[in-house]
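**Student:** coords please:
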Amino acid sequence: MGRRAVTARPAHVFICGDPALDLTCTLRARRTERVETLDAPDRLDAWFLQSGLADVVTPAETADLNQAVALREAVYRLVSARLGGERYDDRALALVNETARKAPVMPKLTAKGGRWVEATPAQVLSTLARHAIELLTGPDAPLLKECADAECTKIFIDRSRGGRREWCGMDSCGNKIKAAAYRARRREAGLR
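**Tutor:** Have a look, this model is predicted:
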């Protein structure tokens, strides 16, 4: 039996402060080389589980993946409009509201006092749409920021003291920007 080459897939990240924002980050570098992390139904399943919204999820199908991508783009358009002080896109608004109308995930209390969630993709998407609505209408809405890295398009909630957070995360964009600034200062000073 021959071996197949396996292409490394980007890991899912959860650094934005809200599951709806983390969903929007599944398409990275929107202004440059787009990197799609939801490229197959099993990747959507993995995202659902890694997000903590469900402990077990019914395996997603292509239709679920298409719905998730549509919801992701709708949420991104609404959050971007909020950041830009613009009017919400009617189709994005309708999609988020329609998705939120469906049954959300329903946590159960286990006999040992833990929380357990079994869900369908539609239930997780409904829960994500509800998160988006709460985010855009709640106390975190004024705290929304886009990463200061010009190549990054992640939007996050800045809960830092003084509201000075600039990057989606230090491990990704913050360190990259700081290292580039350091190298530029060294070049200007004629140092290597």
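
**Student:** Residue nearest the middle of this structure, spatially speaking?
**Tutor:** residue 22 (1.8 Å; Cα atoms, centre = their mean).

**Student:** send the alpha carbons of the strand or helix carrying it over as CSV?
**Tutor:** When elements are assigned from DSSP states H and E, residue 22 belongs to helix 19-24. Provided in CSV are the C-alpha atoms of helix 19-24 (Å, rounded to 0.1, in the frame of the first residue of the first chain):
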residue,chain,number,x,y,z
PRO,A,19,-16.7,32.3,19.1
ALA,A,20,-18.4,34.3,16.4
LEU,A,21,-15.1,36.3,15.8
ASP,A,22,-13.1,33.1,16.0
LEU,A,23,-15.3,31.8,13.2
THR,A,24,-14.4,34.8,11.0
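
**Student:** The very next helix or strand once past that helix packs against which elements?
**Tutor:** As assigned by DSSP H and E, the chain's next helix or strand after helix 19-24 is strand 27-28. Packing partners of strand 27-28 (3 or more Cβ pairs under 8 Å, 6 or more residues apart in numbering; DSSP states H and E): strand 35-36, helix 62-84. To be clear about C-beta, it is placed using only N, CA and C from the backbone, and glycine gets the same treatment.

**Student:** make it 7 Å
**Tutor:** Strand 27-28 sits against no helix or strand, with contacts defined as 3 or more Cβ pairs under 7 Å, 6 or more residues apart in numbering; DSSP states H and E.

**Student:** List the contacts of that strand.
**Tutor:** 10, 34, 35, 36, 37, 72 (Cβ atoms under 7 Å, 6 or more residues apart in numbering).

**Student:** Redo the residues you listed as TSV? Include pLDDT, distance to residue 142 and neighbour count.
**Tutor:** Formatted as TSV, these follow (pLDDT from 0 to 100; distance: Cβ to Cβ, whole Å; neighbours: other Cβ atoms under 10 Å):
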residue	pLDDT	distance to residue 142	neighbour count
10	65	30	12
34	86	29	10
35	87	29	13
36	92	30	13
37	93	28	17
72	98	23	21
